[in-house]
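Student: model this:
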Amino acid sequence: MSLTSLLLAHAAVLGAFTTPRNTAYTGDAWALMPSNTDDVAAADQRFAVAVHLKQTGAGTVRALVVTSHDGTTWALAAAGTLLSENGAEIFEILETTRLLRFVAVVTVLTGTPAPNHTLSASLMSNGRFTVNKVSKTVTTTLATVDANVEVSTRNGRATLPVNQSQVDVVFQRPWQDSAYTIVATPEGEAVATWVTNRTALGFRLHTTGPVAQETTIHWMAVHD
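Tutor: Next up, the predicted model:
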């Protein structure tokens, strides 16, 4: 299940500061726990992190979401957009690759002097959850991201309404170009699919004819 069309109604603040700072930020460690009033099955619960980041000055700044199974060794769970201009500002929803028992948000800066920046970040989900602040040391030694490396595969589900024969898929985060291949499979309907309008932002799925019922099309994109 992708985040497409999900209502992420539940949120908890991971970190925030409104006074600009020119030193890297390391947020508190939070233990992610099930809620006593779970309303979504574990297999269907999805998480994302909403990040509002603003840069002032030259250099670069990026927000990272890190996660750990033991509170000692931390891995990268999601990387935000790299800001590189004075006045750059972004609000984005980061889909995590995985979340372990502990989660935190940090910022990474470059430049001499480094730019000032402000941040707010919240963990969001389609189901209820609980986070508790814990006394763990958050480190980023192993939680590094190569700005030149792009995610090579993406997948999701598109919903084709009744009597329609095409639907647009928009990526949550654009790829650097349109050099990717799409595989799409309709669920239930005896129709074939093909792709047009492929760009770095997404693509359009077509079927051989209008569908008789609301139809889910499973898709996977593989970047060259």
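
Student: When you work out contacts or count neighbours from here on, use the C-alpha atoms and nothing else.
Tutor: OK.

Student: Name the helix or strand of this protein that has the lowest mean pLDDT.
Tutor: Lowest by mean pLDDT, DSSP states H and E among the helices and strands of the chain is strand 153-160, with a mean of 84.

Student: is it true that Gln176 touches Ala200?
Tutor: Yes - assessed by C-alpha atoms under 8 Å, Gln176 is found in contact with Ala200 at 6.0 Å.

Student: Same drill for these two, tell me which one is more crowded.
Tutor: In terms of neighbours (other C-alpha atoms under 10 Å), Ala200 is the more surrounded of Gln176 and Ala200; the figures are 16 against 11.

Student: Next, work out how far apart the more buried one and Thr181 are.
Tutor: Using C-alpha to C-alpha, to the nearest Å, one gets 12 Å for the distance from Ala200 to Thr181.

Student: so where is the protein shaky, pLDDT-wise?
Tutor: Scanning the chain for pLDDT under 70 picks out the ranges 1-5, 146-152, 172-173, 224.

Student: doesn't Lys133 make contact with Leu32?
Tutor: No - with contacts defined as C-alpha under 8 Å, Leu32 does not count as touching Lys133, sitting 9.2 Å away.

Student: So if I had to pick from those two, which one is more boxed in?
Tutor: Applying other C-alpha under 10 Å to Leu32 and Lys133 shows that Leu32 carries more neighbours, namely 18 against 14.

Student: Enumerate every residue touching the more buried one.
Tutor: Leu100, Arg101, Phe102, Val103, Phe129, Thr130, Val131, Asn132 (C-alpha atoms under 8 Å, 6 or more residues apart in numbering).

Student: try 10 Å this time
Tutor: For Leu32, the contact set (C-alpha atoms under 10 Å, 6 or more residues apart in numbering) comprises Thr67, Leu99, Leu100, Arg101, Phe102, Val103, Leu123, Phe129, Thr130, Val131, Asn132, Lys133.

Student: Need the three-state assignment for the third one.
Tutor: Under DSSP: H, G, I helix; E, B strand; the rest coil, the three-state class of Leu100 is coil.

Student: Give me the phi and psi angles of it.
Tutor: The phi/psi pair for Leu100 (degrees, to the nearest 10) reads phi -100, psi -160.

Student: So it is in contact with Thr73, correct?
Tutor: No - taking C-alpha atoms under 10 Å as the definition, Leu100 is not a contact partner of Thr73, at 11.1 Å.

Student: Show me how this structure divides into domains.
Tutor: For the chain, automatic domain parsing gives the domain ranges 10-134, 153-223.

Student: Convert the C-alpha atoms of the longest strand seen in the chain to PDB, please.
Tutor: Longest strand of the chain, by residue count under DSSP state E: strand 10-21. Presented in PDB, the C-alpha positions along strand 10-21 are these (Å, rounded to 0.1, in the frame of the first residue of the first chain):
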ATOM      1  CA  HIS A  10      -2.800  11.200  13.100                       C
ATOM      2  CA  ALA A  11       0.300  13.200  13.900                       C
ATOM      3  CA  ALA A  12       3.000  13.700  16.600                       C
ATOM      4  CA  VAL A  13       5.800  16.300  16.600                       C
ATOM      5  CA  LEU A  14       9.300  14.900  16.100                       C
ATOM      6  CA  GLY A  15      11.100  18.200  16.300                       C
ATOM      7  CA  ALA A  16      10.800  21.900  15.700                       C
ATOM      8  CA  PHE A  17      12.600  25.200  16.100                       C
ATOM      9  CA  THR A  18      11.400  28.700  14.900                       C
ATOM     10  CA  THR A  19      14.500  30.700  15.900                       C
ATOM     11  CA  PRO A  20      17.000  30.400  13.000                       C
ATOM     12  CA  ARG A  21      20.200  28.400  13.700                       C
END
